[in-house]
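[1] sequence unknown, structure follows:
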């Protein structure tokens, strides 16, 4: 049975809240989708719960159990199971608005050159705060240059949690590698999406696809994650792999990444020599060497 959309949910021990996502799928005005659940080794009865839904759901539910290794692994392996033309990532504690699938497909159908795009992207809505996850996009955002779109996207997320969700092309999610450094169970998802955005455009809409249920968490890798290795590898991968082939990467992008790489390296207690060896670009090596001492002093003053 072919479907247009794979709604993809990675989960781990969320049986107590997964039903909320399921109920939101039951209310979809368009049922041209499958629900693909990638279970990262849950031990709380998630499998039995999903099996009970599979018997009566008006859409296919495909459930895959993987060893408990972390969300990036569940995403990487789960993407390969998706059969829809488009992929929408629904977190286990969030919901989709009733018209999400219908409107996502309609927006893709409205694009003049869909082969140029990777996703149709939107902010979410936080019901507990009665506000969006970002400020509205201007009407002309899709006519702006890609560098201006990126800068505007960052600007509009300031003061908000910044959560976005997209209807993505499933083929891209399967074709591109999901880099997961050895020994880590977490790496920011943007390390995957940003490599796709080197080659494809985004379409921005002010329609809401998602109800985002606010949780106490921070967007800052460097300030709140005790293990700074994910941050280190995130910025290292951008400097070594993404920025060299991203036609829209700016000097400011590289500069921020170089400084943050040095800061993460200090938190990991990596020596300047290791950073020097890990970096590929001679210029990055020189600049990170220059930044090491100021970053060290700044960290002593503002730990």
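    It's in. Just so we're clear, the structure is a prediction, and the values are computed from it rather than from any experiment.
[2] ok, residue 27 - how many residues close by?
    Applying the criterion other CB atoms under 10 Å, we find 12 residues in the vicinity of residue 27. Backbone N, C-alpha and C define where each C-beta goes, glycine included.
[3] I'd say it and residue 95 touch.
    No - using CB atoms under 8 Å, residue 27 and residue 95 do not qualify as a contacting pair, with a distance of 9.0 Å.
[4] just the buried positions in the one helix or strand residue 290 maps to, please.
    Using DSSP states H and E, residue 290 falls within helix 282-301. When neighbours are counted by 16 or more other CB atoms under 10 Å, the buried residues of helix 282-301 are found to be 284, 285, 287, 288, 289, 291, 292, 295.
[5] now do that helix: distance to the chain's middle.
    Centroid displacement of helix 282-301 relative to its chain, using CA atoms, centre = their mean, to the nearest Å, is 29 Å.
[6] same check, this time on stretch 122-135
    Here the centre of stretch 122-135 is set off from its chain's centre by 17 Å, with CA atoms, centre = their mean.
[7] same question, stretch 194-206
    Averaging C-alpha positions (CA atoms, centre = their mean) puts stretch 194-206 12 Å from its chain's average.
[8] what's next to that stretch, contact-wise?
    The set of residues that contact stretch 194-206 without belonging to it, under CB atoms under 8 Å, 6 or more residues apart in numbering, is 107, 111, 116-123, 136-137, 141-142, 146, 149, 153, 166, 169, 172, 176-177, 238, 241-242, 245-248.
[9] let's see 6 Å
    Applying CB atoms under 6 Å, 6 or more residues apart in numbering, the external contacts of stretch 194-206 come out as 107, 116-122, 136-137, 141-142, 172, 176, 242, 245-246.
[10] helices - which of those land there?
    Assigned to helices by DSSP state H, the following of the contacts of stretch 194-206 qualify: 107, 172.
[11] if any of the contacts of stretch 194-206 are buried, put those into a PyMOL selection.
    Entered in PyMOL, the line below selects the buried ones among the contacts of stretch 194-206, by 16+ other CB under 10 Å:
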select buried, resi 107+117+118+119+120+121+122+137+141+172+176+242+246
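[12] now do residue 291, the pLDDT please.
    Among the per-residue scores, residue 291 shows a pLDDT of 83.
[13] check whether it really touches residue 263, as I assumed.
    No - here residue 291 does not reach residue 263: they are 8.8 Å apart, not a contact under CB atoms under 6 Å.
[14] that older thread, which other helices and strands contact the helix holding residue 290?
    If you count contacts as 3 or more CB pairs under 6 Å, 6 or more residues apart in numbering; DSSP states H and E, helix 282-301 packs onto helix 251-268, helix 272-278.
[15] show me the contact partners of it.
    With contacts defined as CB under 6 Å, 6+ apart, helix 282-301 is touched by 239, 258, 259, 262, 263, 266, 272, 275, 276, 279.
[16] now it and helix 251-268, what's the angle there?
    Using axes from the mean of the first three to the mean of the last three CA atoms, to 10 degrees, the interaxial angle of helix 282-301 with respect to helix 251-268 works out to 50 degrees.
[17] before we move on, what SS does the residue lying closest to residue 280 once chain neighbours are set aside have?
    Distances taken as CB to CB, 6 or more residues apart in numbering place residue 240 nearest to residue 280, at 4.7 Å, with adjacent residues excluded. At residue 240, secondary structure determined by DSSP: H, G, I helix; E, B strand; the rest coil is helix.
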